[in-house]
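Peer 1: fold the stuff below for me.
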Amino acid sequence: MPSLLVKLYSIFFKLHQRHKLYSLTQVPLKNADTFGITSRHDESTAPSNPSFTDGVATKDIHIDSFSALCIRIFLPETIVSSQPTANECSDGGSHVYGGYSPPRGKTHKKLPVMLQFHGGGFVSGGHDSVGNDLFCRRIAKLCEVIVVAVGYRLAPESRYPAAFEDGLKVLNWMGKQANLAECGRWVGNGRRKVDVAQVFDGFGASMAEPWLAAHGDLSRCVLLGVSCGANIADYVARKAVEAGKLLDPVKVVAQVLMYPFFIGSVPLNSEIKLANSYFYDKATCMLAWKLFLREENFSLDHPAANPLIPGREPPLKFMPPTLTVVAEHDWMRDRAIAYSEELRKVNVDAPLLEYKDAVHEFATLDMLLQMPEAQACAEDIAIWVKKYISLRGHEFSY
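Peer 2: Residues are numbered from 1 along each chain as shown. Purely as a prediction, here's the structure:
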């Protein structure tokens, strides 16, 4: 069973969540901002820091002028292990930027890129929240990847399909960045190759985003979704499969679904027996779904909610390798397990990691991040992910 401290905190957490969701139901839709929001003013956020702190540098980028869609990039210090971490000077010798800039005239170490979607029931949380910032830093260091945390638009200001479209938009944006960086490497009708550092400046304001252009290997892209973010990750994976080579050079090689926010009209065993489980009970989650899905389209068998409905495209056999993480005391666990089983039936590598005495978001909620189970989960994810992102000859195995 969860510890007494976890149980007590769960009580206060549920009360707070229900009050927040009820307050959101009172927001008049006519006052909804079409631009959207990516975080709530009452939630703690962590500022970005483009200098390496605790082994990771971060920066925020607003990537869509028509919406609030933004990202936070987490760059692990391992990419500059043999170089000074201080910022390079501009041509005039004066510092124009206080954070890390890829040095010119040097070969840059490339790392896989992980696209991460935070949890929060589609209505709260954020890519820059304190808990998500700490989790992404941990994953960036353990997996040795560049993490791109997506600040998708929240409901009810932006209902379905806004969050799902935002996830796909970021994947396409990363492909554009890779193509721009590649174009910038060649001048003179492709006859002369130039230093990639000339594609961007210290502010990252030119053609390509500098950190991704210098260090990102988008042919090794992993999706990771937390709670409702797992629903978004699975949607983006499906769209990546459908797009095929149209996404080149981006290749989604694997996805990680951490305690997905799945539900369905026909309840499974855990959805009945654990309906009043810790932190996120079924009644609270139903409120979130009603805020996310439009009233005219509301259904627990909506494609955004239930991955097991028949006729979904593409066929499951084309899905990427999928690691599913579930918690013993999570009422949504059985549907995630059933989805993992369906993937294995069609020979997709889809292992299941089940954690005893664990609750929903046990590895990502800010107040649980320092628990041993949270660290162990991140390490387990890193072991599996490295099977698919390690360069040939350096693969991980169990």
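
Peer 1: go ahead and flag the most central residue of the chain.
Peer 2: Geometric centre of the chain, nearest residue: Gln116, 1.3 Å, by C-alpha atoms, centre = their mean.

Peer 1: paired strands for the helix or strand encompassing it, with orientation please.
Peer 2: For Gln116, the host element (DSSP states H and E) is strand 111-117. Strand 111-117 sits in its sheet next to strand 146-151 (parallel), strand 216-226 (parallel), going by DSSP bridges.

Peer 1: deepest-packed of those, please.
Peer 2: The highest mean neighbour count among these, using mean count of other C-beta atoms under 10 Å, belongs to strand 146-151: a mean of 27. In short, each C-beta sits where N, CA and C put it, glycine included.

Peer 1: right, and the helix or strand after that strand?
Peer 2: Trace forward from strand 146-151 with DSSP H and E and the next one is helix 162-184.

Peer 1: could you give the average pLDDT over that following helix?
Peer 2: The average pLDDT for helix 162-184 rounds to 89.

Peer 1: same question for stretch 56-75.
Peer 2: pLDDT averaged over stretch 56-75 gives 96.

Peer 1: next SSE after the strand holding Gln116?
Peer 2: Immediately after strand 111-117, counting by DSSP H and E, sits helix 130-143.

Peer 1: residues in contact with that next one?
Peer 2: Contacting residues not belonging to helix 130-143 are listed as 44-46, 54-56, 58, 72, 74-76, 78, 112, 114, 116, 118, 125-126, 145-147, 149, 222, 224, 226, 363-367, 369, 375, 378-379, 381-382, 385-386, 389 [C-beta atoms under 8 Å, 6 or more residues apart in numbering].

Peer 1: let's see that with 7 Å instead.
Peer 2: 44-46, 54-56, 74, 76, 114, 116, 118, 125-126, 146-147, 149, 364-366, 369, 378-379, 382, 385-386 (C-beta atoms under 7 Å, 6 or more residues apart in numbering).

Peer 1: what's the neighbour count on Leu300?
Peer 2: 16 (other C-beta atoms under 10 Å).

Peer 1: that one sits in which helix or strand?
Peer 2: Short version, using DSSP H and E: Leu300 is in no helix or strand.

Peer 1: that one and Gly264, how far apart?
Peer 2: From Leu300 over to Gly264 the distance is 6 Å, taken as C-beta to C-beta, to the nearest Å.

Peer 1: overlap in contacts of these two?
Peer 2: Listed as contacting both Leu300 and Gly264 by C-beta under 7 Å, 6+ apart are Asn306.
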